[in-house]
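**Q** Dropping the sequence and predicted coords here.
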Amino acid sequence: MGARGTIGKTKPPLLESGRQLRYHPPSMDPSVLFSDPNILGGVPVFTGTAVPVQTLIDYWEGGLPLYEFLLDFPAVQKWQAKEVLDWFAALKKSGKKPAMELKAFQKS
């Protein structure tokens, strides 16, 4: 986990409406990504954006550099993308499939 927060000790951020986010993966700092049925039907996105996390994974698996993703999606913070890539690498190392893990996080 990066310097931005600690797992389990950070409250989910508030939406502009003032209500808390409905869901975020338990292994991920809620300031990085979350899922809410009212945003893209619950597809996991980077917190504060409507950018699906799967988009970063697709870029990375396609051999594109992180800076290109960040240029294409400036709403995503570099530290958020790095946290997801670390999570992605850990999942792959453990033999889990990131796409399946993201699907499990999705709330509809």
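**A** Cool, got the structure.
**Q** roughly how far apart are Asp29 and Gly95?
**A** 23 Å (Cβ to Cβ, to the nearest Å). (C-beta placed from N, C-alpha, C; glycine too.)
**Q** Taking the centroid of the chain, which residue is nearest it?
**A** Leu33 (3.2 Å; Cα atoms, centre = their mean).
**Q** Tell me how far the helix or strand that contains Val84 lies from the chain's centre.
**A** According to DSSP states H and E, Val84 maps onto helix 78-94. Remark: helix 78-94 is offset 9 Å from the chain centroid, using Cα atoms, centre = their mean, to the nearest Å.
**Q** quick one, strands of this protein?
**A** Applying DSSP state E to the chain gives strands spanning 33-34, 45-46.
**Q** tell me the most buried of those?
**A** strand 33-34 (a mean of 26; mean count of other Cβ atoms under 10 Å).
**Q** tell me the mean pLDDT over it?
**A** In this model, strand 33-34 has a mean pLDDT of 85.
**Q** tell me what that strand is packed against?
**A** Packing contacts for strand 33-34, counted by 3 or more Cβ pairs under 8 Å, 6 or more residues apart in numbering; DSSP states H and E, involve strand 45-46.
**Q** What lies in contact with the strand it packs on?
**A** With Cβ atoms under 8 Å, 6 or more residues apart in numbering as the test, strand 45-46 has contacts from 32-35, 39, 51-53, 56, 75-77, 80-81, 84.
**Q** Quick check: which of the strands of the chain is nearest to Phe69?
**A** strand 45-46 (10.7 Å; Cβ to Cβ).
**Q** one step back: go through the contacts of strand 45-46 and name the one nearest Glu101.
**A** Using Cβ to Cβ, the contacts of strand 45-46 come closest to Glu101 at Val53, 10.0 Å.
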